[in-house]
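Enquirer: kindly generate the corresponding structure for this input.
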Amino acid sequence: MRYVAPAREAVDPVVFDRPPLAAWSDYDALLRGSRWPEVAMLNSLLPAGSRERFAAQTRELLDDGLHYEERIHARGDIATREANWHDLFNALAWLRYPAIKRALNAQQAAEIAHMGTRERSRPQCAMTHFDEAGVLVAMRDPALLALWDAHDWHGLFWRRRDAWLDGSIRVEVFGHALLEHALTAGKLLVGKALVFVCATEAEAAMVPSRCADGVAGGVLLRDPLELRPLPLSGVPGWHPDNGDEAFHRTTACYQPLREGRRYPPPVSCGTSLAS
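Expert: Here you go, the predicted structure:
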C-alpha cells in the first residue's frame, strides 16, 4: 500500500525529537513551521555557485519532455513540488549530501542515455532504492556483521544493544522517502544500507564522501543486492517500544533471511575505491 504522509498540521511533533528526524534538527525551521517553505527559500540555502537549483514543478517545467534525472543533469533543475513532504525531504538531502546526490544523478543520467526511459537497469534500481530508503552505516566492530548476515535481529539489536549506544555502529539516514515515512509516529522503519568499516572517528566522518566517490566511480550501487535491509526501528531510541526485549522477538519488520541470500562484504574506509 502506498504511503500517504500526514498533513503538515497533523504531524505529531514528537517525531522531530526522535531519530531519524532528530538528526535533521538544523532544518527545524523548514520542518516544524506552520507554513510550507517556498522553493525560493530552499534555493537560498544552497551554497553560492551551486550548479543545481530547486525548480517549482509546473506544467511548463515538465513540458520540456526531459526525464527528472536528465533535467537535473542537463540544466541543474531539480523539479520540486511545493507543499509536499517527499520533495521537501529530497531537497534537504540535496542540501546535506550534495556530493552523493550529484553522483547518483550523473550515474542515473548515464544509464538513461544507455537504456532509454522505458527500461531500468540493475544499477538504476540500486541507486533508486538507495536514493529513496538509503542508510549509511559506519561500523567499528566488524563482528556485528555475522549477526546481521544471519538476520539475527535479537542478537544485533538486543544482545549487542551496547554497540548502538557506544558508537561501535552508527547510522545516517540518507533516503528521503524513509525520512518522509518517519513522520508517522511509531511506524516500523526499514532502510537499505551500505556498510563501511571504519577504524577511527575520522574515518567514520568521511563515510558520506566515500559513498559519493564510490557511486561516482561506478563501483558502488551497481546492483540492488549490494544493499542490506536494516530494521531501523530496532536501534535504541528509534521506536518507543524497543526498550522491551519482546519487541526484538516479535516485531513485524524483523524478517528472516531469505534462502540463498548473501550480502557483499562491507566497504573498508582504509582502502581505495578505484573502479
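Enquirer: the stretch 151-275 of the chain: helices as residue ranges?
Expert: 153-154, 161-165, 176-181, 201-205, 207-216, 247-250 (DSSP state H, counting those that start in this stretch).
Enquirer: select, out of these, the one closest to residue 57.
Expert: helix 176-181 (15.0 Å; C-beta to C-beta). C-beta here means a position set from N, CA and C on the backbone, and glycine is covered the same way.
Enquirer: if you count contacts, what does the closest one end up packed against?
Expert: Applying 3 or more C-beta pairs under 8 Å, 6 or more residues apart in numbering; DSSP states H and E, one finds that helix 176-181 contacts helix 85-96, helix 122-133.
Enquirer: between the first one and helix 122-133, how many degrees?
Expert: The reference is to helix 85-96. Angle, helix 85-96 to helix 122-133, by axes from the mean of the first three to the mean of the last three C-alpha atoms, to 10 degrees: 100 degrees.
Enquirer: and the helix or strand just after helix 85-96, what's its mean pLDDT?
Expert: Where DSSP states H and E defines the elements, the next helix or strand beyond helix 85-96 is helix 98-115. Averaged over helix 98-115, pLDDT sits at 97.
Enquirer: packing partners of helix 98-115?
Expert: Here helix 98-115 touches helix 68-75, helix 122-133, helix 207-216, going by 3+ C-beta pairs under 8 Å, 6+ apart.
Enquirer: tell me which of those helices lies nearest to residue 19.
Expert: Of all these, it is helix 122-133 that lies closest to residue 19, at 15.2 Å by C-beta to C-beta.
Enquirer: tell me the angle the closest one makes with helix 98-115.
Expert: Using the same axes, to 10 degrees, helix 122-133 lies at 150 degrees relative to helix 98-115.
Enquirer: give me the angle between helix 122-133 and helix 207-216.
Expert: Using the same axes, to 10 degrees, helix 122-133 lies at 150 degrees relative to helix 207-216.
Enquirer: now do the following helix or strand past helix 122-133, average pLDDT.
Expert: Toward the C-terminus, helix 122-133 is succeeded by strand 134-139 as the next helix or strand (DSSP H and E). For strand 134-139, mean pLDDT rounds to 98.
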